[in-house]
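J.: this is a predicted model, with the sequence first.
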Amino acid sequence: MNTAADNSFRHDAKVIGLVGVAHSLSHFFQLALPPLFPLLRDEFGVSFAALGALVAVFYVASGVTQFAAGFAVDRFGARPVLLAGIALVAGGTLLAGLAPGFGALYPIVAVMGAGNGVFHPADFAILNANVAPGRLGPAYSTHGVGGNLGWALAPLVSYGLGAAFGWRVALVAMGAIGAAVLALLATQRATLTCSHRGGGVTHTLAGSLALFRQAAILLCFAYFCINTIASIGLQTFAPTVLDVAFAIPLTIGASALTAYLLGSTAGIVAGGVLASRSARHDRIASAGLLAAALSVLLLATWPPARSALLPLFAATGFALGCTGPSRDLIVRAATPPGAAGRVYGFVYSGLDLGGMLGPVWFGFLLDHGAARGVLFAVAGCFLAAIGTVFQVRRAVAPSRASALE
């Protein structure tokens with residue numbers, strides 16, 4: 001028995017598990033409010049665009065914080081940044097349940113978004129610093145699965161509690177769940193470490209700006225922005241789009257969204273296996289994006305029977321899920337030593353920009369009776385993202401291009 005190898009595996013498994021739990025909280029709170037939109041609309045009489053603006057505020061705050069959190073992670077370490085973020089997002093959700101009116105939700109949601117912004121730079125810095133390179137594919141896969149499980153669980157908890165006890169009780173309960181997980185993670189401080197290795201990129205503002213101007217980094221940012229516009233649009237408005245465009249009841253639409261999220265989770269698992277065995281992560285990501293685009297176009301132009309709706313959404317989620325681990329390995333290959341926090345903070349702020357733009361855009365389309373237009377826009381974004389994936393490989397500096405092989 002190789003005791004050293006066994007200890008290394010147990011250590012890596014523990015780190016991966018804890019980071020996966022933390023990441024599940026991020027996605028759990030991203031969908032804390034959207035399932036409650038029908039209840040909020042009935043109570044306050046607001047438009048879809050106003051509800052979408054809540055999501056936009058969340059992601060604006062998340063993007064700003066994520067960018068800053070990358071610097072904080074590289075300078076101070078990932079653990080304190082991660083725990084502070086969880087405290088903000090959980091505390092903000094609890095506070096949202098006590099909001100005196102709809103307008104008060106905007107600043108509270110900004111607090112939640114600020115907490116959400118820390119997860120990606122902190123999570124990936126911890127994984128890259130602690131997990132053996134040969135296990136990073138499964139580690140990224142587990143990270144993505146944790147997030148998707150959070151997405152899948154959130155609508156059940158949020159809408160379930162909201163329908164039974166009201167939207168305020170639902171948000172307070174979700175905030176309490178986050179506080180409990182925070183207490184658990186705080187007891188694992190010794191495991192959630194992040195070493196600081198020197199690299200060719202300095203921590204000065206000028207050095208960081210030069211890093212962010214690299215073509216590969218900018219293309220990764222563009223990928224996250226475009227892809228997130230589409231995926232957030234599906235997650236936020238899929239039940240509403242199905243109802244408005246095809247007269248499909250909201251209950252079936254919510255089930256389709258759950259099928260999409262569960263399919264995405266299965267896809268991430270499969271994508272982790274593919275990423276660990278393939279030399280061309282750009283091809284895996286592009287194939288998944290193409291399959292998802294074709295599925296959404298099929299739904300928009302030739303709506304399937306209701307019995308086929310759930311399998312179609314599950315297949316769409318599976319295709320997108322397969323892209324996740326390869327996508328993260330592509331970003332890792334473009335990251336210079338000593339800059340993991342800043343690169344992941346900057347690149348994943350593209351996710352927040354997309355999360356800000358998508359809901360407002362799609363809410364506007366719905367308010368103007370263009371429900372099918374939402375689906376065409378989603379498919380177009382998936383197709384546009386394919387171009388950025390292939391360009392990243394070409395733009396990575398020769399000294400790091402071997403990491404993609």
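T.: The structure has been received and is ready for your questions.

J.: ok, now which ones touch residue 137?
T.: Under the criterion of C-beta atoms under 8 Å, 6 or more residues apart in numbering, the neighbours of residue 137 are 272, 273, 275, 276, 325, 329. Just so you know, the C-beta spots here come from the backbone N, C-alpha and C atoms, and that holds for glycine as well.

J.: try 7 Å
T.: Residue 137 makes contacts with 272, 275, 276, 325, 329, as judged by C-beta atoms under 7 Å, 6 or more residues apart in numbering.

J.: for the residues you listed, which one is nearest residue 91?
T.: Comparing the contacts of residue 137 against residue 91 with C-beta to C-beta picks out residue 325 as the nearest, at 31.6 Å.

J.: just give me the closest of the contacts of residue 137 to residue 232.
T.: Of all the contacts of residue 137, residue 232 sits closest to residue 325, with 20.0 Å by C-beta to C-beta.

J.: report pLDDT for the closest one.
T.: Residue 325 is assigned a predicted lDDT (pLDDT) of 81.

J.: then the one 3 residues further on?
T.: Looking at residue 328, its pLDDT stands at 77.

J.: identify the residue nearest it in space, chain neighbours excluded?
T.: Leaving out its chain neighbours, the residue that sits closest to residue 328 by C-beta to C-beta, 6 or more residues apart in numbering is residue 140, at 4.3 Å.

J.: pretty sure that neighbour sits against residue 325.
T.: Yes - using C-beta atoms under 7 Å, residue 140 is in contact with residue 325, at 4.4 Å.

J.: of the two, which one has the most company?
T.: Each of residue 140 and residue 325 has its neighbours counted (other C-beta atoms under 10 Å); residue 325 has more, 32 against 29.

J.: in what element of secondary structure is that one found?
T.: helix 306-333 (DSSP states H and E).

J.: out of the contacts of residue 137, which is nearest to residue 13?
T.: residue 272 (14.0 Å).

J.: checking that closest one next. Helix, strand or coil?
T.: helix (DSSP: H, G, I helix; E, B strand; the rest coil).

J.: check contacts around it.
T.: Going by C-beta under 7 Å, 6+ apart, residue 272 touches 137, 138, 140, 141, 325.

J.: for the residues you listed, which one is nearest residue 123?
T.: Residue 123 lies nearest to residue 140 out of those, by C-beta to C-beta, at 9.8 Å.

J.: that closest one and residue 273, how far apart?
T.: Distance of residue 140 to residue 273, computed by C-beta to C-beta, to the nearest Å: 12 Å.

J.: equivalent analysis for residue 108, please.
T.: From residue 108 to residue 273 the distance is 41 Å (C-beta to C-beta).

J.: and residue 132, how many neighbours?
T.: Residue 132 is flanked by 12 other residues according to other C-beta under 10 Å.

J.: I meant residue 233, not that one.
T.: A count of neighbours around residue 233, defined by other C-beta under 10 Å, yields 27.

J.: what's the angle between the helix or strand encompassing it and helix 306-333?
T.: Element membership of residue 233 [criterion: DSSP H and E] is helix 215-246. Compare the direction of helix 215-246 with that of helix 306-333 by axes from the mean of the first three to the mean of the last three C-alpha atoms, to 10 degrees and you get 170 degrees.

J.: which other helices and strands contact the helix or strand hosting residue 20?
T.: Counting by DSSP H and E, the element that carries residue 20 is helix 3-30. If you count contacts as 3 or more C-beta pairs under 7 Å, 6 or more residues apart in numbering; DSSP states H and E, helix 3-30 packs onto helix 78-96, helix 105-116, helix 119-130, helix 136-165, helix 167-186.

J.: do that again at 10 Å, thanks
T.: On a contact count with 3 or more C-beta pairs under 10 Å, 6 or more residues apart in numbering; DSSP states H and E, helix 3-30 meets helix 48-76, helix 78-96, helix 105-116, helix 119-130, helix 136-165, helix 167-186, helix 215-246.

J.: got the ones you listed as JSON lines, with mean pLDDT and distance to residue 310 columns?
T.: JSON lines is the format used below for those (pLDDT from 0 to 100; distance: least, C-beta to C-beta, whole Å):
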{"stretch": "helix 48-76", "mean pLDDT": "84", "distance to residue 310": "24"}
{"stretch": "helix 78-96", "mean pLDDT": "94", "distance to residue 310": "29"}
{"stretch": "helix 105-116", "mean pLDDT": "95", "distance to residue 310": "29"}
{"stretch": "helix 119-130", "mean pLDDT": "87", "distance to residue 310": "29"}
{"stretch": "helix 136-165", "mean pLDDT": "86", "distance to residue 310": "14"}
{"stretch": "helix 167-186", "mean pLDDT": "94", "distance to residue 310": "25"}
{"stretch": "helix 215-246", "mean pLDDT": "87", "distance to residue 310": "11"}
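
J.: point out the most buried one among these.
T.: Highest mean neighbour count of the helices and strands packed on helix 3-30: helix 119-130, a mean of 27 (counted as mean count of other C-beta atoms under 10 Å).

J.: could the helices and strands packed on helix 3-30 go into JSON lines alongside distance to residue 23?
T.: Output for the helices and strands packed on helix 3-30, formatted as JSON lines (distance: least, C-beta to C-beta, whole Å):
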{"stretch": "helix 48-76", "distance to residue 23": "14"}
{"stretch": "helix 78-96", "distance to residue 23": "10"}
{"stretch": "helix 105-116", "distance to residue 23": "11"}
{"stretch": "helix 119-130", "distance to residue 23": "6"}
{"stretch": "helix 136-165", "distance to residue 23": "4"}
{"stretch": "helix 167-186", "distance to residue 23": "11"}
{"stretch": "helix 215-246", "distance to residue 23": "15"}
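
J.: of all those, which lies closest to residue 314?
T.: Nearest to residue 314 among the helices and strands packed on helix 3-30 is helix 136-165 (11.6 Å), distances taken as C-beta to C-beta.

J.: distance from the chain centre to the closest one, please.
T.: 11 Å (C-alpha atoms, centre = their mean, to the nearest Å).

J.: next, the angle from that helix to helix 215-246.
T.: Using the same axes, to 10 degrees: helix 136-165 against helix 215-246 is 30 degrees.
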